Every structure is written in C-alpha cells, then in structure tokens.
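**Student:** sequence isn't available, so here's the structure alone:
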C-alpha cells in the first residue's frame with residue numbers, strides 16, 4: 001500500500017487541527033489548543049486505490065517557525081490553510097508557499113489552498129474570489145471548508161492524494177513512498193522532552209551507537225523536538241526508529257534485537273527505539 005506524507009500548514013487559529021481531526025477521526029474539536037506537532041495515520045480509498053495517509057499537523061505560532069523547514073523537506077503534499085474570517089492568515093500563505101518551494105527546490109509541488117471556517121459567513125472578510133485568485137497565482141487547487149460543518153474536508157485530502165500520484169507516480173515493484181515522519185503516534189507534544197544541555201548522560205541505553213548519536217544530536221540542539229530527532233535518525237539510516245513519550249511506563253514487549261534509550265523528565269518517560 002502506498003503511503004502519502006501530507007503536511008498541514010497555516011497561521012495559528014485557522015483550524016488546521018480541527019480539519020485534520022475531522023478527517024481522521026470524524027469529530028469536531030471546538031476548543032483551541034495551540035499545536036506543536038501531531039502526527040496522524042489514516043487508511044482511505046481514493047479512485048479505487050488503498051492509500052495510507054500520514055498527516056503532520058504543524059504549529060502555527062511564531063515560536064515554532066524554525067521547525068517548518070523539516071516538515072517541508074519531508075512532505076510530499078501540502079495543505080495551506082487560512083481562515084475566511086482573518087485577512088492576515090490569508091496574506092501569510094504567500095510567504096509560506098514561497099518557503100515550501102525554496103526548501104523543496106522545485107517549482108511544482110502538490111498543494112491545495114484551503115479557506116476554512118466557511119460556515120461563519122457572517123464573519124467573512126476574505127472573499128471566495130480572493131481564494132480563487134491566489135490559487136491561480138500559486139497554480140494550485142482551491143477549496144473552502146468547514147471542519148465544524150464537515151464541508152469539503154475529505155475532498156481536501158483526496159485531491160492532494162491525486163496530485164501526489166500525478167507528481168510522484170509509483171516506479172517499480174515494492175515502492176511504498178518515502179520515509180515516514182514517525183512510525184508511532186506522538187503521545188506528548190512537549191518540544192523540550194529531551195531536557196536541557198548537560199542532562200544527556202541521563203539516558204539509559206542498551207546501545208552505545210544510539211547513545212552517541214543522541215548525545216551528539218542533543219549537544220548541538222538541547223531543546224530538539226521529536227520531529228527534528230526523527231529527521232536526524234532517518235538521515236543516519238535508522239528508518240525503523242520510533243519515539244514514544246508517555247506519563248505511564250512503556251510496557252510493550254520488544255524484539256530482543258531492539259536498540260533503545262530512555263530518558264525521564266518532570267512529566268514523561270520518553271523512549272527512542274530502533275527495531
């Protein structure tokens with residue numbers, strides 16, 4: 001089954017998480033809780049083809065913009081979201097799209113422009129014609145959506161799958177797409193879960209190689225996020241790496257050959273596995 005890496009981007013408060021959760025879980029999240037990073041997986045059928053979508057719901061707040069290059073580098077398709085009730089969120093997408101093209105070093109990247117909260121027509125400040133005009137400028141598809149009213153939510157992700165199929169056709173037997181964002185659900189969204197510099201030796205490891213790699217990575221970036229660490233592990237060829245953070249002890253049985261390191265902070269016990 002082919003896998004698709006989709007990144008949802010946009011300013012804070014536009015409804016990125018609400019769209020993603022509505023698509024993946026079929027529920028509407030009313031409360032606004034700023035996201036750092038969340039990863040979701042959902043199997044769907046598009047045009048008779050079974051697809052596994054790996055969706056990264058990203059931060060929209062300014063303090064996490066430095067992480068965007070990592071998301072963009074690994075993503076295959078992008079959902080650019082603004083709120084029809086906030087002109088600034090619409091304007092922000094021009095720079096965001098330019099950043100994607102720069103990071104991907106490409107002129108043609110699968111993406112869709114999404115005007116969310118179309119159920120709030122009385123609060124509209126961004127016209128649909130503005131959305132169509134910007135989409136033409138981008139050379140992208142355009143939809144207005146409502147996570148609350150379930151308007152065009154599935155269509156956004158299905159359209160992006162079709163774009164990825166056209167842009168990156170499967171080539172050869174056994175192709176399953178590129179490396180994953182992460183091969184587990186991210187239970188904790190704490191970007192500082194690995195602690196501060198000077199605490200690196202608190203790792204409990206059964207692998208000197210993994211300990212050295214983690215210490216080297218964290219020394220260069222003491223407040224590294226899980227996403228950044230996964231990218232580093234994948235760059236080192238550790239495709240089967242997995243990160244789990246939980247307030248409860250990790251009790252699942254692992255293969256005897258698994259390499260692992262664990263680290264405790266004030267809130268969670270975090271584990272890095274290479275299977």
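**Tutor:** Cool, the structure landed. All values derive from a computational prediction rather than experimental measurement.
**Student:** which residues touch residue 26?
**Tutor:** If you count contacts by C-beta atoms under 8 Å, 6 or more residues apart in numbering, residue 26 has none. Where you see a C-beta, it was placed from the backbone N, CA and C, and this is true even at glycine.
**Student:** okay, it: pLDDT?
**Tutor:** pLDDT, residue 26: 95.
**Student:** mind listing the strands for the stretch 1-150 of the chain?
**Tutor:** Using DSSP state E, counting those that start in this stretch, the strands of the stretch 1-150 of the chain run over 2-10, 37-46, 49-58, 77-83, 111-116, 141-144.
**Student:** longest helix of the chain?
**Tutor:** For the chain, the helix with the greatest residue count under DSSP state H is helix 87-104.
**Student:** list the buried residues in it.
**Tutor:** Residues of helix 87-104 classed as buried by neighbour count (16 or more other C-beta atoms under 10 Å): 89-90, 92-93, 96-97, 100, 103.
**Student:** just these now: which is nearest residue 52?
**Tutor:** For the buried residues of helix 87-104, the residue nearest residue 52 by C-beta to C-beta is residue 100; the value is 22.5 Å.
**Student:** the closest one is in contact with residue 109, isn't it?
**Tutor:** Yes - using C-beta atoms under 8 Å, residue 100 is in contact with residue 109, at 5.8 Å.
**Student:** quick check: domain ranges of this protein?
**Tutor:** 2-167, 200-274 (automatic domain parsing).
**Student:** hey, least reliable of the ones you listed by pLDDT?
**Tutor:** Among the domains of the chain, domain 200-274 carries the lowest mean pLDDT, a mean of 62.
**Student:** for residue 151, give its distance to residue 170.
**Tutor:** From residue 151 across to residue 170, the span is 31 Å (C-beta to C-beta, to the nearest Å).
**Student:** so between these two, which is more surrounded?
**Tutor:** Using other C-beta atoms under 10 Å as the criterion, residue 151 and residue 170 rank with residue 151 on top: 16 against 12.
**Student:** that older thread, so can I have TSV of the strands of the stretch 1-150 of the chain showing distance to residue 166?
**Tutor:** Listed next are these as TSV, based on distance: least, C-beta to C-beta, whole Å:
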stretch	distance to residue 166
strand 2-10	12
strand 37-46	12
strand 49-58	13
strand 77-83	11
strand 111-116	13
strand 141-144	12
